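Q: coords please:
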Amino acid sequence: MPRRPRIKLAEVPQHVVQRGINREPCFFAEEDYHSYLHWLQKSAADWHCAIHAYVLMTNHVHLLVTPKQPDGIAKMMQSIGRRYVQYINRSYRRTGSLWEGRFKSSLVQAEAYLLTCMRYIELNPVRANMVNDPALYRWSSYRANGVGLTDERITPHSLYLALGKEETDRLAEYRGLFRSELDDAAIGDIRLALAQGQPLGSERFAEMMCAAVGVRRARSKLGRPAKDILVPNIDESQADFGF
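A: So this is what the prediction gives:
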(Lines give C-alpha, C1' and ligand atoms only; values in the text may rest on other atoms or scores of the structure.)
Protein backbone atom coordinates (compact mmCIF):
# COMPACT_ATOMS: atom_id res chain seq x y z
CA MET A 1 0.00 0.00 0.00
CA PRO A 2 1.55 3.34 -1.03
CA ARG A 3 2.37 5.87 1.66
CA ARG A 4 0.19 8.94 1.91
CA PRO A 5 1.99 11.97 0.47
CA ARG A 6 3.09 14.61 2.94
CA ILE A 7 1.10 17.82 3.17
CA LYS A 8 3.82 20.47 2.88
CA LEU A 9 3.17 24.20 2.80
CA ALA A 10 5.35 27.22 3.47
CA GLU A 11 4.60 29.50 6.44
CA VAL A 12 2.32 26.95 8.15
CA PRO A 13 3.50 25.42 11.46
CA GLN A 14 4.11 21.68 11.51
CA HIS A 15 4.33 19.27 14.42
CA VAL A 16 7.16 16.83 13.64
CA VAL A 17 7.98 13.58 15.44
CA GLN A 18 10.90 11.26 14.79
CA ARG A 19 11.52 8.18 16.88
CA GLY A 20 14.26 5.60 17.29
CA ILE A 21 14.05 2.37 15.33
CA ASN A 22 11.97 -0.26 17.18
CA ARG A 23 11.43 2.42 19.84
CA GLU A 24 15.01 2.01 20.94
CA PRO A 25 17.02 4.91 22.41
CA CYS A 26 18.51 7.53 20.12
CA PHE A 27 20.21 9.45 22.94
CA PHE A 28 22.67 7.67 25.21
CA ALA A 29 24.68 10.38 26.97
CA GLU A 30 24.52 14.11 27.69
CA GLU A 31 26.83 14.90 24.78
CA ASP A 32 24.34 13.27 22.40
CA TYR A 33 21.62 15.76 23.33
CA HIS A 34 24.04 18.64 22.86
CA SER A 35 25.09 17.30 19.46
CA TYR A 36 21.50 16.92 18.25
CA LEU A 37 20.61 20.42 19.38
CA HIS A 38 23.70 21.78 17.61
CA TRP A 39 22.64 20.17 14.33
CA LEU A 40 19.03 21.24 14.87
CA GLN A 41 20.07 24.87 15.14
CA LYS A 42 22.46 24.65 12.18
CA SER A 43 20.06 22.79 9.89
CA ALA A 44 17.09 25.00 10.80
CA ALA A 45 19.13 28.06 9.83
CA ASP A 46 20.39 26.44 6.62
CA TRP A 47 16.87 25.56 5.48
CA HIS A 48 15.08 28.65 6.86
CA CYS A 49 12.92 26.87 9.43
CA ALA A 50 11.71 28.59 12.61
CA ILE A 51 11.68 26.33 15.67
CA HIS A 52 8.95 27.28 18.16
CA ALA A 53 9.11 24.30 20.53
CA TYR A 54 11.00 21.03 20.94
CA VAL A 55 11.68 18.18 23.31
CA LEU A 56 14.31 15.47 23.08
CA MET A 57 13.12 12.30 24.79
CA THR A 58 15.21 9.17 25.23
CA ASN A 59 13.89 7.49 22.10
CA HIS A 60 12.10 10.18 20.12
CA VAL A 61 12.02 13.88 19.26
CA HIS A 62 9.16 16.38 18.97
CA LEU A 63 9.52 19.66 17.07
CA LEU A 64 7.12 22.51 16.24
CA VAL A 65 8.45 24.22 13.13
CA THR A 66 7.39 26.82 10.56
CA PRO A 67 9.27 26.54 7.25
CA LYS A 68 9.87 29.33 4.75
CA GLN A 69 9.76 26.82 1.88
CA PRO A 70 7.39 23.85 1.43
CA ASP A 71 10.24 21.33 1.53
CA GLY A 72 12.20 23.13 4.24
CA ILE A 73 11.32 20.72 7.06
CA ALA A 74 12.11 17.64 4.98
CA LYS A 75 15.49 19.11 4.05
CA MET A 76 16.16 20.10 7.66
CA MET A 77 15.30 16.64 9.01
CA GLN A 78 17.40 14.97 6.33
CA SER A 79 20.35 17.16 7.25
CA ILE A 80 20.00 16.53 10.98
CA GLY A 81 19.48 12.82 10.48
CA ARG A 82 22.53 12.34 8.29
CA ARG A 83 24.86 14.24 10.61
CA TYR A 84 23.49 12.89 13.88
CA VAL A 85 23.45 9.25 12.76
CA GLN A 86 27.04 9.56 11.57
CA TYR A 87 27.97 11.00 14.95
CA ILE A 88 26.18 8.24 16.90
CA ASN A 89 27.58 5.42 14.75
CA ARG A 90 31.09 6.79 15.06
CA SER A 91 30.82 7.47 18.80
CA TYR A 92 29.34 4.09 19.72
CA ARG A 93 30.95 1.97 17.00
CA ARG A 94 27.63 0.92 15.57
CA THR A 95 26.26 0.68 12.04
CA GLY A 96 22.90 0.99 10.37
CA SER A 97 19.88 3.17 10.84
CA LEU A 98 19.02 4.99 14.05
CA TRP A 99 15.58 6.33 13.13
CA GLU A 100 12.42 4.35 12.46
CA GLY A 101 11.45 5.14 8.89
CA ARG A 102 10.50 8.64 7.91
CA PHE A 103 9.42 11.24 10.43
CA LYS A 104 5.75 11.89 11.18
CA SER A 105 4.28 15.35 10.69
CA SER A 106 1.03 17.28 10.67
CA LEU A 107 0.20 20.86 9.76
CA VAL A 108 -1.10 22.89 12.70
CA GLN A 109 -3.86 25.49 12.59
CA ALA A 110 -2.02 28.12 14.60
CA GLU A 111 -5.01 30.05 15.95
CA ALA A 112 -6.67 26.91 17.32
CA TYR A 113 -3.84 24.56 18.23
CA LEU A 114 -0.39 26.16 18.25
CA LEU A 115 -0.17 26.85 21.99
CA THR A 116 -1.83 23.52 22.75
CA CYS A 117 0.74 21.76 20.60
CA MET A 118 3.55 23.58 22.40
CA ARG A 119 2.15 22.37 25.72
CA TYR A 120 1.83 18.83 24.39
CA ILE A 121 5.46 18.85 23.29
CA GLU A 122 6.94 20.40 26.41
CA LEU A 123 4.85 18.25 28.78
CA ASN A 124 6.25 14.99 27.38
CA PRO A 125 8.76 14.56 30.25
CA VAL A 126 5.97 15.15 32.79
CA ARG A 127 3.68 12.56 31.17
CA ALA A 128 6.65 10.17 31.20
CA ASN A 129 7.06 10.72 34.96
CA MET A 130 10.62 11.88 34.40
CA VAL A 131 9.96 15.22 36.13
CA ASN A 132 6.97 16.82 37.83
CA ASP A 133 7.65 20.28 36.37
CA PRO A 134 8.65 20.86 32.72
CA ALA A 135 11.18 23.46 33.88
CA LEU A 136 13.20 20.65 35.47
CA TYR A 137 13.80 18.92 32.13
CA ARG A 138 16.92 20.19 30.40
CA TRP A 139 16.26 19.02 26.85
CA SER A 140 13.17 21.00 25.88
CA SER A 141 12.18 24.51 24.89
CA TYR A 142 10.12 25.09 28.05
CA ARG A 143 13.00 26.81 29.81
CA ALA A 144 13.00 29.39 27.03
CA ASN A 145 9.23 29.70 26.53
CA GLY A 146 8.20 29.43 30.18
CA VAL A 147 11.20 30.59 32.21
CA GLY A 148 12.97 33.01 29.89
CA LEU A 149 16.36 31.32 29.57
CA THR A 150 18.19 32.13 26.35
CA ASP A 151 17.81 29.46 23.66
CA GLU A 152 19.14 30.53 20.28
CA ARG A 153 17.29 27.68 18.58
CA ILE A 154 13.89 29.17 19.41
CA THR A 155 12.02 31.65 17.22
CA PRO A 156 8.88 32.80 19.08
CA HIS A 157 5.67 32.51 17.08
CA SER A 158 3.50 35.61 16.81
CA LEU A 159 0.78 33.95 18.90
CA TYR A 160 3.28 33.31 21.68
CA LEU A 161 4.44 36.95 21.49
CA ALA A 162 0.81 38.06 21.72
CA LEU A 163 0.59 36.58 25.23
CA GLY A 164 2.04 39.83 26.58
CA LYS A 165 3.79 43.02 25.53
CA GLU A 166 6.56 42.56 28.07
CA GLU A 167 8.63 39.41 28.39
CA THR A 168 7.72 38.96 32.04
CA ASP A 169 4.03 39.12 31.15
CA ARG A 170 4.45 36.59 28.30
CA LEU A 171 6.35 34.18 30.50
CA ALA A 172 3.74 34.40 33.26
CA GLU A 173 0.87 33.87 30.81
CA TYR A 174 2.63 30.92 29.20
CA ARG A 175 3.38 29.29 32.56
CA GLY A 176 -0.27 29.78 33.43
CA LEU A 177 -1.23 27.51 30.53
CA PHE A 178 0.59 24.66 32.29
CA ARG A 179 -1.31 24.91 35.58
CA SER A 180 -3.99 22.55 34.30
CA GLU A 181 -3.51 19.20 32.59
CA LEU A 182 -3.82 19.01 28.83
CA ASP A 183 -7.33 17.98 27.82
CA ASP A 184 -7.66 14.32 26.78
CA ALA A 185 -9.54 15.34 23.63
CA ALA A 186 -6.70 17.66 22.58
CA ILE A 187 -4.16 14.89 23.17
CA GLY A 188 -6.30 12.57 21.06
CA ASP A 189 -6.53 15.15 18.28
CA ILE A 190 -2.77 15.65 18.18
CA ARG A 191 -1.99 11.93 18.16
CA LEU A 192 -4.58 11.14 15.50
CA ALA A 193 -3.33 13.93 13.23
CA LEU A 194 0.23 12.61 13.52
CA ALA A 195 -0.81 9.00 12.98
CA GLN A 196 -2.67 9.94 9.79
CA GLY A 197 -0.32 12.68 8.61
CA GLN A 198 -3.33 14.99 8.51
CA PRO A 199 -3.73 18.69 9.42
CA LEU A 200 -4.49 19.50 13.04
CA GLY A 201 -7.32 21.99 13.28
CA SER A 202 -10.88 22.60 12.15
CA GLU A 203 -12.45 20.60 9.35
CA ARG A 204 -12.39 23.69 7.13
CA PHE A 205 -8.68 24.22 7.82
CA ALA A 206 -7.92 20.57 7.05
CA GLU A 207 -9.90 20.67 3.80
CA MET A 208 -8.14 23.87 2.71
CA MET A 209 -4.67 22.51 3.48
CA CYS A 210 -5.32 19.24 1.66
CA ALA A 211 -6.85 21.01 -1.32
CA ALA A 212 -3.87 23.38 -1.54
CA VAL A 213 -1.52 20.46 -2.26
CA GLY A 214 -3.99 18.14 -4.00
CA VAL A 215 -4.14 15.52 -1.23
CA ARG A 216 -7.38 13.71 -0.39
CA ARG A 217 -8.66 14.43 3.11
CA ALA A 218 -8.74 11.43 5.46
CA ARG A 219 -12.24 10.51 6.62
CA SER A 220 -11.57 10.50 10.37
CA LYS A 221 -12.37 13.85 11.92
CA LEU A 222 -10.58 15.51 14.78
CA GLY A 223 -12.31 16.74 17.89
CA ARG A 224 -13.78 14.55 20.59
CA PRO A 225 -13.50 11.06 19.08
CA ALA A 226 -16.70 9.45 17.88
CA LYS A 227 -17.45 5.97 19.17
CA ASP A 228 -16.35 4.36 15.91
CA ILE A 229 -12.99 6.18 15.78
CA LEU A 230 -10.15 4.64 17.73
CA VAL A 231 -7.57 7.05 19.12
CA PRO A 232 -4.26 5.29 19.89
CA ASN A 233 -4.32 4.16 23.53
CA ILE A 234 -0.78 4.95 24.64
CA ASP A 235 0.55 4.25 28.11
CA GLU A 236 1.65 7.62 29.46
CA SER A 237 4.51 5.92 31.30
CA GLN A 238 6.04 5.34 27.86
CA ALA A 239 6.10 9.05 27.10
CA ASP A 240 4.13 8.99 23.85
CA PHE A 241 6.70 6.65 22.34
CA GLY A 242 4.39 5.99 19.40
CA PHE A 243 3.87 9.66 18.59
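
Q: isn't residue 108 right up against residue 14?
A: Yes. Under the criterion of C-beta atoms under 8 Å, residue 108 is in contact with residue 14, at a separation of 6.5 Å. Placement of C-beta: from N, CA and C, glycine included.

Q: list residues touching both of those two?
A: Residues touching both residue 108 and residue 14 comprise residue 64, with contact defined as C-beta atoms under 8 Å, 6 or more residues apart in numbering.

Q: who has more neighbours, those two?
A: Under the criterion of other C-beta atoms under 10 Å, the comparison of residue 108 against residue 14 puts residue 108 first, with 27 against 24.

Q: which helix is the longest one in the chain?
A: helix 72-92 (DSSP state H).

Q: what residues sit buried inside it?
A: For helix 72-92, a neighbour-count test (16 or more other C-beta atoms under 10 Å) marks 72-77, 79-81, 83-85, 87-88 as buried.

Q: moving C-terminal of that helix, what's the next helix or strand?
A: Taking DSSP states H and E as the definition, the helix or strand that follows helix 72-92 towards the C-terminus is strand 104-107.

Q: ok, and the helix or strand in the chain with the lowest average confidence?
A: Ranked by mean pLDDT, DSSP states H and E, the helix or strand of the chain with the weakest confidence is helix 203-213, at a mean of 88.

Q: tell me which residue of this protein is furthest from the middle?
A: Most distant residue from the mean C-alpha position of the chain: residue 93, 29.1 Å away (C-alpha atoms, centre = their mean).

Q: show me the contacts for residue 14.
A: Going by C-beta under 8 Å, 6+ apart, residue 14 touches 64-67, 73, 105-108.

Q: that one and residue 53, how far apart?
A: Distance check for residue 14 against residue 53: by C-beta to C-beta, to the nearest Å, it reads 12 Å.

Q: any common contacting residues for those two?
A: When C-beta under 8 Å, 6+ apart defines a contact, the residues bordering residue 14 and residue 53 alike are residue 64.

Q: wait, isn't residue 69 in contact with residue 12?
A: No. Taking C-beta under 8 Å as the definition, residue 69 is not a contact partner of residue 12, at 11.6 Å.

Q: these two - which one has more neighbours?
A: residue 12 (19 against 15).

Q: what separates that one from residue 41, distance-wise?
A: Using C-beta to C-beta, we find residue 12 at a distance of 22 Å from residue 41.

Q: ok, residue 87 touching residue 33?
A: No. Contact criterion C-beta under 8 Å: residue 87 and residue 33 do not qualify, at 11.8 Å.

Q: residue 204: neighbouring residues, count only.
A: 9.

Q: again, but for residue 163
A: As a burial measure, the neighbour count of residue 163 was computed by other C-beta under 10 Å and equals 17.
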